[in-house]
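J.: Structure for this input, please:
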Amino acid sequence: MNEKVALGVKTMSSSNPKARIKTLLSTQFARGFSPSRWMRGTDGLRQLSAGGNGQEWVLARSYCVYALLDGTSVPPRKRKGYAEMATARWSPFLDTESRVEWQGNRAMVWAWSRARALAGEADGILPPPRRIVPESLFRGQPLPAGDELVVLEEGLEGRVWRDGLLVSSCWWPEVPDLGEWNDFRRGAGLPPAAILPPPIVHPLAERMWTTRRAEGIGETFGRYRNYLALIGVGLATAVLAALLCGVLALKVSIWQVEGQIADREQALEKIILAREEALRTRDAVDAALALRPPGGQLELMALVTRLMRGNWQLLEWKMVDSQTLQLTARMANPDSRAIVSAWEASKRFTGVTAELGQQNGTVVVNAKVLPAKPQEARP
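T.: Coordinates of the predicted model:
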């Protein structure tokens, strides 16, 4: 008898038709206004969830490079433009697209090549989605401090956190060795580790870890009910005011026509002047872009560090022009032939020469920098 009573109570509480209908309607309503979500990896697209408002791509980390920007001295209203200019300056891609997430005065930026992200099979181009969001934003949660090695859709991502801010990120196609991990830690200002941390598997989350919890429709309406009432009154007042203005406009139509003619003449003159200024600005921008080096300074320094073998010390780093790098280093028994071979083999330098410097144990390397291929660009 007790079992039947308990079973009956459980059945009544779990089979509430109103609760089921409310949940179903809320889910369908939200899905109709949300985009379908797809994972974009090197092997194509894989659907994660359905939706009725376009597509949202979760872009695999292997497509992206990462940087942290400091906007302490930038006013809030100018931060969007500052982030766009700074990203275009350090990004290795010519067709850069990016995702910027501000946290206080710091901006976390993921950048990728638009052409590579939209590349389909047989040199085809995929239709662009409504928006593209990096995979990193859906894996795990911010940490107060420390580092972690996160398993991704493709490869792994090393992360260094400080005060809940992702200060450094690096992607590897497979588990890095201890030397690579310690190089990453040193670049983030951490001492070398004795062992490699175990890879952590974070399931792909529904929301980005930079997004606050979304409120329900009822909760939102209740919170802003008074404001919505004021908005309704304001809209009604605006409609009445518009009708009164229309009546008055009929009485002064001649004066309005003359004023509109004068205003349009002034506006047309401003448009002509603005167009001429825009053409001059475009020419200046094109000339400035032509001087842009094939690679960023940080990227080239990281590449040269991997190419120079043995113990060596950087004495001078100089860009002779926008495409020519000159490096002076101190090293024991410098092997010019080995240096030229390693630099040429990287496919990022050509015309490499290595000559012994005037001081004992120094070598001067000159090379022309080549642009990085999209599939070779890594943070």
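J.: looking at the chain, which helix or strand is least sure?
T.: helix 2-14 (a mean of 37; mean pLDDT, DSSP states H and E).
J.: How many residues are close by D147?
T.: Using other Cβ atoms under 10 Å, D147 has 19 neighbouring residues. All C-beta spots, glycine's among them, are computed from the backbone N, C-alpha and C.
J.: next one: the one 3 residues further on
T.: V150: 20 surrounding residues under other Cβ under 10 Å.
J.: Check E84 too.
T.: 14.
J.: Quick check: it vs T96, distance?
T.: Distance, E84 to T96, using Cβ to Cβ, to the nearest Å: 9 Å.
J.: again with A193
T.: Distance of A193 to T96, given as Cβ to Cβ: 33 Å.
J.: do the same with L59
T.: To T96, L59 is 13 Å away according to Cβ to Cβ.
J.: Please say which of those two ends up with more neighbours.
T.: Taking other Cβ under 10 Å, L59 and T96 do not tie; L59 has more neighbours (24 against 17).
J.: Who is the more buried one paired with across the strands?
T.: Beta-bridge pairing of L59 under DSSP bridges involves R40, P134.
J.: Same question for F349.
T.: Under DSSP bridges, the beta-bridge partners of F349 are V369.
J.: Assign a three-state SS to T210, would you?
T.: The assignment at T210 comes out as coil when based on DSSP: H, G, I helix; E, B strand; the rest coil.
J.: avg pLDDT for stretch 49-63?
T.: Throughout stretch 49-63, pLDDT has a mean value of 91.
J.: And stretch 342-359, by the same measure?
T.: Across stretch 342-359, pLDDT averages out at 90.
J.: Flag every buried residue along that stretch.
T.: 342-343, 346, 348-349, 352, 354 (16 or more other Cβ atoms under 10 Å).
J.: same deal with stretch 325-340?
T.: By neighbour count with 16+ other Cβ under 10 Å, stretch 325-340 contains the buried residues 325, 327-331, 334, 339-340.
J.: hmm, back to that, of the buried residues of stretch 342-359, which belong to helices?
T.: 342-343 (DSSP state H).
J.: The buried residues of stretch 342-359: which two are farthest apart?
T.: Greatest spatial distance in the buried residues of stretch 342-359: R348 and A354, 15.7 Å, computed using Cβ to Cβ.
J.: okay, now the domains of the chain?
T.: Domain ranges of the chain: 2-33, 39-201, 224-289, 297-376, per automatic domain parsing.
J.: end to end, how far does the second one reach?
T.: Here the two ends of domain 39-201 are set 17 Å apart, with distance taken as Cα to Cα, to the nearest Å.
J.: Off-centre distance for it?
T.: 6 Å (Cα atoms, centre = their mean, to the nearest Å).
J.: Quick check: G146 touching W161?
T.: Yes - between G146 and W161 there is a contact at 5.8 Å, judged by Cβ atoms under 8 Å.
J.: Tell me what R106 is bridged to.
T.: Using DSSP bridges, the bridge partners assigned to R106 are D70, Q103.
J.: List the contacts of it.
T.: R106 makes contacts with 68-71, 165, as judged by Cβ atoms under 8 Å, 6 or more residues apart in numbering.
J.: try it again with 10 Å
T.: 68-72, 162-163, 165-167 (Cβ atoms under 10 Å, 6 or more residues apart in numbering).
J.: For V320, see how far away it is.
T.: Per Cβ to Cβ, R106 is found 34 Å from V320.
J.: Low-confidence bits of the stretch 101-250 of the chain, can you list those?
T.: Applying pLDDT under 70 to the stretch 101-250 of the chain picks out residues 212-227.
J.: Thank you, goodbye.
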